[in-house]
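*Asks:* I need the structure of the sequence given here:
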Amino acid sequence: MSCYLSQLIKSEDPAGMAARANSGMMLGYPVKIGGESHRKDNGIGYHSTIKVFNREKDHGHAVHNLAQHLPLNPPDAKNTQIEPSEFKAQDGSTVYVLKLHGNSAEKIKEHNGKFAHMGDPQPYEFAPHISVPKEIHDRIKASGAKTAHEAGIEFGSAELKRGP
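*Replies:* Sure, this is the predicted structure:
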């Protein structure tokens, strides 16, 4: 598991999560949930990660060179199914997520695979998702929304981000 991702999901401390996210490099789709682009608990932008990179080993230009040749169209919210779920972190804490399913989710998995030679080894099966605070998870679960669109989720164009 990526050191960055491992540290990120180990913590339910919103400030600690933000500090680690702001020091990493990732390719992903920015997300808005109910018109909100950032988590209120830590200020991190909502996103669906394609790949987390090793900042010391992977150079931004190499990532960009590969990414620019991929069809990185944003997921289609109307046709992307969601499933409120939980991941267990290494320390046993709970990370609340909205798992993504359907064609767009399969494309995210495919893109993740294109970067398999980068980042740290992933000793787990990559699952497209959006990490959310418990309150958002519970609200969407209670709503019964089955698609990202029904849950008020919008996807932006893919971004390669390094740092905050």
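*Asks:* Poorly predicted segments of the protein, please.
*Replies:* Applying pLDDT under 70 to the chain flags the ranges 1-23, 90, 163-164.
*Asks:* At which residues are the helices of it located?
*Replies:* 3-10, 14-21, 60-67, 103-114, 134-143 (DSSP state H).
*Asks:* measure the nearest residue to Ser48 once chain neighbours are set aside to Phe115 for me?
*Replies:* The spatial neighbour of Ser48 that comes closest, neighbours along the chain excluded (CB to CB, 6 or more residues apart in numbering), is Tyr29 at 4.7 Å. From N, CA and C alone the C-beta is placed, and that goes for glycine too. Distance of Tyr29 to Phe115, computed by CB to CB, to the nearest Å: 15 Å.
*Asks:* The two: which has the busier surroundings?
*Replies:* Tyr29 (24 against 19; other CB atoms under 10 Å).
*Asks:* contacting residues for the more buried one?
*Replies:* Neighbour list for Tyr29: 47-48, 50, 74-75, 108, 155-159 [criterion: CB atoms under 8 Å, 6 or more residues apart in numbering].
*Asks:* Now that we have these, which of them are buried?
*Replies:* Among these, the ones that count as buried by 16 or more other CB atoms under 10 Å are 47-48, 50, 74-75, 108, 155-156, 158.
*Asks:* what would those residues look like in TSV with distance to His149?
*Replies:* Below are those laid out as TSV (distance: CB to CB, whole Å):
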residue	distance to His149
His47	18
Ser48	14
Ile50	21
Pro74	12
Pro75	10
Ile108	17
Phe155	10
Gly156	14
Ala158	19
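*Asks:* Quickly name whichever of these is closest to Asp120.
*Replies:* Closest approach to Asp120 among those (CB to CB): Ile50, at 15.1 Å.
*Asks:* That closest one and Val63 touch, don't they?
*Replies:* No - the pair Ile50 / Val63 is not scored as a contact, 10.1 Å apart, by CB atoms under 8 Å.
*Asks:* just the strands in the chain please.
*Replies:* Remark: strands assigned in the chain by DSSP state E are 25-33, 47-53, 81-88, 94-101, 129-131, 153-155, 159-162.
*Asks:* Thanks a lot, see you next time.
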